[in-house]
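>>> Here you go, sequence then predicted model.
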Amino acid sequence: MNDQIAIHIEGLTKHYGDVHALVDLDLDVSRGEIFGFLGPNGAGKTTTIRTILDEIRPTAGSASILGLDAREASVEIRKHIGYVPGDLAMYPNLTGKDTLTYFSNLRGGVDWDYVDHLADRLDADLTKKVGDLSSGNRQKVGLIQAFMNRPDLLIMDEPSSGLDPLVQREFQAMMREVAAEGRTVFLSSHTLSEVQRVADRVGIIRHGRLVAVETVTALRSKAMRRIEFEFASPVDPDVFRSVEGVRDVEVTNHHAVLSFDGTIDALLRTISDRYDIVDITTREADLEEIFLTYYRDEEVTA
């Protein structure tokens, strides 16, 4: 096993009767990277995490974490990871401090100065009972317990749930610091803006199948541009549709808006031969628009 690989997944498959929650998933996540695992609810993100953590058993395939077999060494693996589940549950009658003490005892002790530092950064009140906290403040306690033992690997399922924007920003800084230290973050999310800000690479999962693994930079380079034209006279939308790479054309008299992933030179030559262009505005698609292209049924083969 390559010691630079934090998570290795091979042929991972999980069926619930006739429901194929995961289908032949292969994935490597490198040490020292922030990997974003993207997909809407029901795509298979949580099933992937629960399977590699040996909370549920796969129908087929295997996984290893930090070079250890995910099933045979699941107890040992837990000494080296921090985990925030998507359905975070804690004892409601314990305070935040009591909760962290409980997890600290399970781990054989932690540096409480570091815990206080994390609480300060996340603006977490550890004196209140967990049951009296808002969902966002409960989430802060969950994040602290995941970070507090300085794990080699953080696995987090929708960790920003309920956090306000300022706390989200601090949390993102904490993830970057983890990666800068050579540790790894596996971030499962449908909050695309968050992943876009912090991830080195992203995997996009759809109906249990991994449909893309790319760097954020590479995804952006493949992005469709959104282009707006203003013409001196009304235009025929069929002129745009004749150009390869043009999609989603909307024309209103002198104004046209379209998505385009071809060469801009070919587009301009075709159009300028027919019409006088008064103005052009163009912008790259953001990660959300790119992500949605992978979720158009007609473009993804099952």
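Yes, it's here.

>>> May I see the buried residues of stretch 30-44?
Applying a neighbour-count criterion of 16 or more other Cβ atoms under 10 Å, the buried positions in stretch 30-44 are R31, E33, I34, F35, G36, F37, L38, G39, A43, G44. The way it works is simple: take the backbone N, C-alpha and C, and place the C-beta from them, glycine included.

>>> Now stretch 76-83 - C-alpha only, CSV.
Listed next in CSV are the C-alpha coordinates belonging to stretch 76-83 (Å, rounded to 0.1, in the frame of the first residue of the first chain):
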residue,chain,number,x,y,z
GLU,A,76,-7.1,0.8,15.6
ILE,A,77,-8.2,3.2,12.8
ARG,A,78,-10.4,5.1,15.2
LYS,A,79,-7.3,6.1,17.2
HIS,A,80,-6.1,8.1,14.2
ILE,A,81,-9.2,9.8,12.8
GLY,A,82,-11.6,12.5,13.7
TYR,A,83,-15.2,12.0,12.6
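
>>> so what are the domain limits for the chain?
The chain breaks down into these structural domains: 5-80+151-218, 88-147, 224-284 (assignment by automatic domain parsing).

>>> What ranges does the chain have for its strands?
In the chain, the strands defined using DSSP state E lie at 5-16, 19-30, 34-38, 60-65, 68-69, 81-84, 153-157, 184-189, 201-206, 209-215, 225-231, 246-252, 255-260, 277-284.

>>> Adding distance to I144 and mean pLDDT, write those strands out as JSON lines.
Converted to JSON lines, those look like this (distance: least, Cβ to Cβ, whole Å; pLDDT from 0 to 100):
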{"stretch": "strand 5-16", "distance to I144": "22", "mean pLDDT": "97"}
{"stretch": "strand 19-30", "distance to I144": "23", "mean pLDDT": "96"}
{"stretch": "strand 34-38", "distance to I144": "19", "mean pLDDT": "95"}
{"stretch": "strand 60-65", "distance to I144": "22", "mean pLDDT": "97"}
{"stretch": "strand 68-69", "distance to I144": "25", "mean pLDDT": "97"}
{"stretch": "strand 81-84", "distance to I144": "10", "mean pLDDT": "97"}
{"stretch": "strand 153-157", "distance to I144": "12", "mean pLDDT": "97"}
{"stretch": "strand 184-189", "distance to I144": "16", "mean pLDDT": "96"}
{"stretch": "strand 201-206", "distance to I144": "26", "mean pLDDT": "92"}
{"stretch": "strand 209-215", "distance to I144": "30", "mean pLDDT": "91"}
{"stretch": "strand 225-231", "distance to I144": "41", "mean pLDDT": "89"}
{"stretch": "strand 246-252", "distance to I144": "44", "mean pLDDT": "88"}
{"stretch": "strand 255-260", "distance to I144": "43", "mean pLDDT": "89"}
{"stretch": "strand 277-284", "distance to I144": "37", "mean pLDDT": "87"}
